[in-house]
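In: One predicted model, sequence on top.
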Amino acid sequence: MQNRYVYTVDDNIYINLTNRCSNRCEFCVRYYDKPIYGDLWIKDEPSAQTVIEILEKDYNLKDYGEVVFCGYGEPTYRFDAIEKICDYVHSKGGVTRINTNGQANEILGEDITPRISKCIDTINISLNATDAVKYDKICHSDYGERAFDIMLDFAKKCVYHGANVVLSVVDVIGQEEIAKSRDIAKAVGAKLRVRELL
C-alpha cells in the first residue's frame, strides 16, 4: 500500500491525513471500485512535519490555488496536524480549505470552531440532506440522526467566529431539496455550493 499524503486535482493541492471517518456515505468515492483520484487509502497517518517536508520539497504553493484537507477520511480527526500545516501554508502565502462532515466537535470532544475558523480560509461542510432522517439514511453516521444537528451547530459556530463557511450538496438530490438547502445555508449564514456527482 502506497501512502499518498499529498496529491493534486486541477490547480489545487490535497492533503490526505487519515482513513478514519464518522460517516459511511453511500456516494463516497472511497467505496468506488475504480478510485477517481487513484488509491488514497493510507497505511500510516503522517505527521504534520512529514506533510510539510513533502510540500517544501515538491510543491511551489504559489503555483496552486488552494491547499485542501480532503482524502478518504474525515480530516478533522487530525486537527492538531492541520493547524501546524496551515501555519506553514500561510507562511508561504498559500490559501487553505477543508472539506469536512462538520462533526469535529463530537469527534474530538471539544469545540474547535474558534481555532479552525482562524486557520482555515474556507470551511466546506457537506450538508448532503435537508433533515436529520434523510441525512442519516444516506450518511450512516456514528452519531445517528444527531449528526445532522451536530453538523449544523458546527457550521453556525464557525460562522459566528468569522469563518468563510460553505455548505455543499450533490446535484442529484433534485431542485426541491436544493431550494431547501439554500434556505438552510441562509439561516446558518453560510454559502451553498451545489456539486456535480462524480
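Out: Arrived safely.
In: Show me which residues of stretch 66-83 are buried.
Out: Neighbour-count burial for stretch 66-83, with 16 or more other CB atoms under 10 Å as criterion, is recorded at 66-79, 81-83. Bear in mind the C-beta positions are built from the backbone N, C-alpha and C, glycine included.
In: again with stretch 155-171
Out: Applying 16+ other CB under 10 Å to stretch 155-171 flags 155-159, 161, 163, 165-170 as buried.
In: and it, how far apart are its ends?
Out: End-to-end span of stretch 155-171 (CA to CA, to the nearest Å): 21 Å.
In: nearest spatial neighbour of residue 94, skipping sequence neighbours?
Out: residue 61 (3.9 Å; CB to CB, 6 or more residues apart in numbering).
In: measure the nearest residue to residue 127 once chain neighbours are set aside to residue 160 for me?
Out: Leaving aside its chain neighbours, residue 127 sits nearest to residue 167 (4.2 Å; criterion: CB to CB, 6+ apart). With distances taken as CB to CB, to the nearest Å, residue 167 is found 15 Å from residue 160.
In: Which helix or which strand is home to residue 177?
Out: Counting by DSSP states H and E, the element that carries residue 177 is helix 175-188.
In: before we move on, what SS does the most centrally placed residue in the chain have?
Out: For the chain, the residue lying nearest the average C-alpha position, counting by CA atoms, centre = their mean, turns out to be residue 99 (1.7 Å). Assigned with DSSP: H, G, I helix; E, B strand; the rest coil, residue 99 falls in the strand class.
In: from memory it sits against residue 69, does it?
Out: Yes - using CB atoms under 8 Å, residue 99 makes contact with residue 69 at a distance of 7.0 Å.
In: tell me, what's touching these two both at once?
Out: Residues touching both residue 99 and residue 69 by CB atoms under 8 Å, 6 or more residues apart in numbering: residue 75.
In: which residues in this structure form strands?
Out: With DSSP state E as the criterion, the chain has strands at 6-9, 12-15, 67-69, 96-100, 122-126, 165-170, 191-195.
In: May I have the strands that pair with the shortest one, each with its orientation?
Out: Strand pairing for strand 67-69, using DSSP bridges, gives strand 12-15 (parallel), strand 96-100 (parallel).
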